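Asks: 3D, please:
(one chain, ligands or ions: 1)
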Amino acid sequence: MSTHLQTPPFQGGESCANRFFMLTDTDERTRGLADLPPVQSDSLIALIAMVNADQRPHKIDVGVGVWRDGAGNTPILKTIKAAEQRLVDRQVTKAYLGSAGDRRFTELLRPILLGQHADDERIAGLQTPGGCGALRLGFELIAAANPNARVFFGAPTWPNHPPIIEAVGLRSVEYPYYERGQGAIRFEDMIASLEGADAGDIALLHGCCHNPTGADLSEDQWREVARVVAERRLIPFVDIAYQGFGRGLDEDAFGVRLLLETCDEVVIAQSCDKNFSVYRDRVGSLWIKTASAETTAKAVAHVFQIARQMWSMPPDHGAAAVHIILDDPQLRTEWLAEVAVMRERINAVRQRIASADPRLAFIGRQFGMFSMLPLSKEQVMKLRQDHAIYMAESGRFNVVGLSDEQIDRFTAAVVEALDA
Ligand SMILES: Cc1ncc(COP(=O)(O)O)c(C=O)c1O
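Replies: Below is the predicted model of the structure:
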């Protein structure tokens, strides 16, 4: 059987071109879908499947990142219902909106996300299918601009971060972020690692409440990160999906706004799926800042072209509902109150867990939906087996995934595991 290597008819960056070298013997050419190798699914997706398969009525799902109320439900916000009703009554067409999606939606989001930078013409935003869509699009743009850029990400991070980075052909480099045993940020190690990055490399950073460990940077730490990123001429890429779930909308945007102040080039993947509770509607946006309005316009043109190759145009429904809420003073006020209710429950559940045992006290000092318990993989598996408690193998769990009735049962089981 003779084989030879065939070069593709097009050339990309070195690492991308290598992906297209193929064996062209008969076997290779006649491969079909049946020849696909088995897939090891993303650990979070696998966890969701396991929870669904468990028939025990008392099961506790603290894996998936959705907000739940005291009864354990993820209700549709009243403001979303009202906006959707308006859409039904008043929407007159579903004709295409174009690559940028709903432009009024991003215009209304601008001051919420960018604050004092809202009028900066060097910053452009466009609608995407959720925050994950924005992540992929942003990294595709970076790979198009500089295929040699390395992406520095903090460990641990979300399971889909490294695969997205690698799927666009970029190299990922881990920086230490969190010491699980001590419940503390490894800030000096993080800074030392970023100091070793080269100009044009990317620093992937979590916006407020976004870190899977629950450990957010303090304002002083953000200042230090912004200083290093600007000095080393790195491009910060912020993933922010929980604005309003920590202290408030403005407070939670501190890091993003500081980086916009300090750096010429910034990329932001934003999501409304959590703070408008429209997870399945896929509502997000990508924001790009460069040193000039002209360069930003050029980057956006590239982004449109890349999006055209992936999803062509973003879905409208969820963004249209968010647009209606933010454009209506009454609905906007009501939405802010709904965000406050979500935030208050998160913080109340945190306090209840923290007061159960001194070893859990750190949970009360964190913000947002997530935290990471100092449990071994074996302890996490035992919680699954003995108590039908489902959290990530890393010990990451969604604090507000617990209904009121589940909190004490959960903390008792966790304390038992810590004692063992
Ligand atoms: C890494 C990461 N960033 C951002 C988001 C934002 O969420 P969504 O894509 O649902 O808008 C998610 C949600 O799964 C995520 O996994």
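Asks: low-scoring stretches of the stretch 301-420 of the chain, by residue?
Replies: For the stretch 301-420 of the chain, no stretch has pLDDT under 70.
Asks: do you have the helices of it handy? List them.
Replies: Taking DSSP state H, counting those that start in this stretch as the test, the helices found in the stretch 301-420 of the chain are 317-327, 329-354, 377-387, 404-419.
Asks: most tightly packed of the ones you listed?
Replies: Among the helices of the stretch 301-420 of the chain, ranked by average contacts under mean count of other CB atoms under 10 Å, first place goes to helix 317-327 (a mean of 23). Quick note: C-beta positions are derived from backbone N, CA and C, even for glycine.
Asks: returning to that earlier point: can I get the helices of the stretch 301-420 of the chain in JSON lines including distance to A149?
Replies: Formatted as JSON lines, these follow (distance: least, CB to CB, whole Å):
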{"stretch": "helix 317-327", "distance to A149": "29"}
{"stretch": "helix 329-354", "distance to A149": "35"}
{"stretch": "helix 377-387", "distance to A149": "33"}
{"stretch": "helix 404-419", "distance to A149": "40"}
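Asks: what's the closest of the ones you listed to the ligand?
Replies: helix 317-327 (9.6 Å; CB to the nearest ligand atom).
Asks: contacts for stretch 182-198?
Replies: For stretch 182-198, the external contacting residues (CB atoms under 8 Å, 6 or more residues apart in numbering) are 150, 152, 154, 173, 175-179, 203, 215, 217, 221, 224-225, 228-229, 232, 234, 362, 374.
Asks: any quick PyMOL command for the buried ones out of those residues?
Replies: Remark: buried members of these, expressed as a PyMOL selection using 16 or more other CB atoms under 10 Å:
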select buried, resi 150+152+154+173+175+176+177+178+203+215+217+224+225+228+229+232+234+362+374
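Asks: buried stuff in stretch 284-291?
Replies: Using 16+ other CB under 10 Å as the test for burial, stretch 284-291 gives 284-290.
Asks: near the ligand at all, it?
Replies: Yes: applying CB under 6 Å from any ligand atom, one finds stretch 284-291 in contact with the ligand at G284.
Asks: average pLDDT across that stretch?
Replies: Mean pLDDT, stretch 284-291: 98.
Asks: need the buried residues of stretch 284-291 in JSON lines (columns: secondary structure and distance to D27).
Replies: Formatted as JSON lines, the buried residues of stretch 284-291 follow (DSSP: H, G, I helix; E, B strand; the rest coil; distance: CB to CB, whole Å):
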{"residue": "G284", "secondary structure": "strand", "distance to D27": "42"}
{"residue": "S285", "secondary structure": "strand", "distance to D27": "45"}
{"residue": "L286", "secondary structure": "strand", "distance to D27": "41"}
{"residue": "W287", "secondary structure": "strand", "distance to D27": "47"}
{"residue": "I288", "secondary structure": "strand", "distance to D27": "44"}
{"residue": "K289", "secondary structure": "strand", "distance to D27": "49"}
{"residue": "T290", "secondary structure": "coil", "distance to D27": "47"}
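Asks: from the residues you listed, pick the one nearest R352.
Replies: Nearest to R352 out of these is G284 (CB to CB; 31.4 Å).
Asks: re the thing from before, select, out of the helices of the stretch 301-420 of the chain, the one closest to L258.
Replies: L258 sits nearest to helix 329-354 of all the helices of the stretch 301-420 of the chain, at 21.5 Å, using CB to CB.
Asks: who are the packing partners of the closest one?
Replies: Packing partners of helix 329-354 (3 or more CB pairs under 8 Å, 6 or more residues apart in numbering; DSSP states H and E): helix 78-90, helix 317-327, helix 404-419.
Asks: let's have those helices in CSV, adding distance to E140.
Replies: Compiled in CSV, the helices and strands packed on helix 329-354 are given as follows (distance: least, CB to CB, whole Å):
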stretch, distance to E140
helix 78-90, 30
helix 317-327, 20
helix 404-419, 40
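Asks: didn't V256 look like it was pressed against V238?
Replies: Yes: look at V256 against V238 with CB atoms under 8 Å: they come within range, at 5.4 Å.
Asks: now for the two: what residues contact both?
Replies: Shared contacts of V256 and V238, defined by CB under 8 Å, 6+ apart, are found at 207, 268.
Asks: any idea how far the closest residue to T295 other than its chain neighbours lies from K298?
Replies: Among residues not flanking T295 along the chain, R122 sits closest, at 7.9 Å (CB to CB, 6 or more residues apart in numbering). To K298, R122 is 12 Å away according to CB to CB, to the nearest Å.
Asks: those two - which one has more neighbours?
Replies: More neighbours surround R122 than the other of R122 and K298, with 19 against 12 (other CB atoms under 10 Å).
Asks: need the contact list for the more buried one.
Replies: 289-293, 295-296.
Asks: and the stretch 251-400 of the chain, which residues reach the ligand?
Replies: 271, 273, 279, 284.
Asks: so which two of the residues you listed are the farthest from each other?
Replies: The two members of these with the most space between them (CB to CB) are Y279 and G284, at 11.0 Å.
Asks: between the two, what contacts are shared?
Replies: Common neighbours of Y279 and G284 (CB under 8 Å, 6+ apart) are D273.
Asks: cross the contacts of stretch 182-198 against helices and list the overlap.
Replies: Those of the contacts of stretch 182-198 mapping onto helices are 221, 224-225, 228-229, per DSSP state H.
Asks: before we move on, back to that, among the contacts of R122, which one lies nearest to the ligand?
Replies: Nearest to the ligand among these, counting by CB to the nearest ligand atom, is K289 at 19.1 Å.
Asks: which residues touch the closest one?
Replies: Residues in contact with K289 (CB under 8 Å, 6+ apart) are 120, 122-123, 260, 263-267, 296.
Asks: with the buried residues of stretch 284-291 in mind, which one is nearest to the ligand?
Replies: Using CB to the nearest ligand atom, G284 is the member of these that lies nearest the ligand, at 4.6 Å.
Asks: tell me if I am right that T106 is in a helix.
Replies: Yes: assessed by DSSP: H, G, I helix; E, B strand; the rest coil, T106 belongs to a helix.
Asks: identify the farthest-apart pair in the contacts of K289.
Replies: D120 and V267 (14.7 Å).
Asks: between those two, which one's more packed in?
Replies: Counting neighbours by other CB under 10 Å for D120 and for V267 shows that V267 has the greater number, 25 against 15.
Asks: the ligand contacts on the stretch 51-200 of the chain?
Replies: Taking CB under 6 Å from any ligand atom as the contact definition, the stretch 51-200 of the chain meets the ligand at 130-132, 135, 158, 160-161.
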